[in-house]
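In: Any chance you could fold what I've pasted below:
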Amino acid sequence: MTYLHWLKNMGKPGSATRVSMMYNWVTRNIRINYFLIFLFAYTAASKLHLFSYGASFTWESFQFVDLTAFKEAMAKSPVLRPYLHVLAWMIPVSEIAACLLLLFNKTKLAGYYLSLLLLTLFTAYIIYILNAYSHNLPCVCGGVISLMSWTQHLVFNYFFIAITIRAIYIMLRLYRN
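Out: Take a look at the predicted model:
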């Protein structure tokens, strides 16, 4: 099914739901590892604020990596606050590690498992936040993803978990044959 055919059939009565159609189209037509690489590279880069400097550039104010904004966002979460200094480095480094593992065929399965672990941990955190706190805590994700509501973020993560599980299933089936 081509993308145009998929778009034409999206609004027809009796067709599958939009989410399941998008899931099927993505798992058939896009290499899932590139999808995950983009997700984790984007979120890691937005958390790290690479090449940060003050209003007027000086070498004294230049920082290769600036985690200040990410740490400030995490400090607002009572769950993450005690682990702030460890998580500020561990999360983006783990996301970069997942990207690197997904780049190569020999390490791709490990990359899928690391991606699944990260997505599952993030999803468990979101579920905890939605159940434990009535007020809206800030999202500690980076970039455009931080503009989502917690519920939207949960659906987003479920989608990525589903395609990651699908990719692991496909890889294991290929290894068996």
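
In: Enumerate the positions of the helix or strand hosting residue 173 that are buried.
Out: Using DSSP states H and E, residue 173 maps to helix 150-176. The neighbour-count check on helix 150-176 (16 or more other Cβ atoms under 10 Å) flags 153-154, 156-157, 160-164, 166-168, 171 as buried. For glycine as for every other residue, the C-beta is placed from the backbone atoms N, C-alpha and C.

In: same deal with stretch 101-119?
Out: For stretch 101-119, by 16+ other Cβ under 10 Å, it's 101, 102, 108, 109, 111, 112, 114, 115, 116, 118, 119.

In: in this structure, what secondary structure element scores lowest on mean pLDDT?
Out: Of all helical and strand segments in the chain, the minimum by mean pLDDT, DSSP states H and E falls on helix 3-9, at a mean of 48.

In: From residue 177, how far off is the residue nearest to residue 165 when sequence neighbours are not counted?
Out: Of all residues beyond its chain neighbours, the one nearest residue 165 is residue 116 (6.8 Å), with distances taken as Cβ to Cβ, 6 or more residues apart in numbering. Counting by Cβ to Cβ, to the nearest Å, the gap from residue 116 to residue 177 is 22 Å.

In: same check, this time on residue 38
Out: For residue 38, the distance to residue 177 - Cβ to Cβ - is 29 Å.

In: can you check residue 94 too?
Out: 31 Å.

In: what's the answer for residue 127, then?
Out: 36 Å.

In: Which of the two has more residues huddled nearby?
Out: residue 127 (13 against 4; other Cβ atoms under 10 Å).

In: starting at the chain centroid, how far to whichever strand or helix holds the more buried one?
Out: Take DSSP H and E as the rule and residue 127 turns out to sit in helix 108-132. How far helix 108-132 lies from its chain's middle: 9 Å, per Cα atoms, centre = their mean, to the nearest Å.

In: what do you get for stretch 120-138?
Out: 15 Å.

In: Which positions in it come out as buried?
Out: Those would be 122, 123, 125, 126, 129, 137, for stretch 120-138 by 16+ other Cβ under 10 Å.

In: Contacts for that stretch, please.
Out: 73, 76, 77, 79, 146, 150, 151, 153, 154, 157, 158, 161 (Cβ atoms under 8 Å, 6 or more residues apart in numbering).

In: Most widely separated two among the residues you listed?
Out: Within the contacts of stretch 120-138, 76 and 161 form the most distant pair, 25.5 Å apart (Cβ to Cβ).

In: which non-adjacent residue is nearest residue 81?
Out: residue 75 (5.6 Å).
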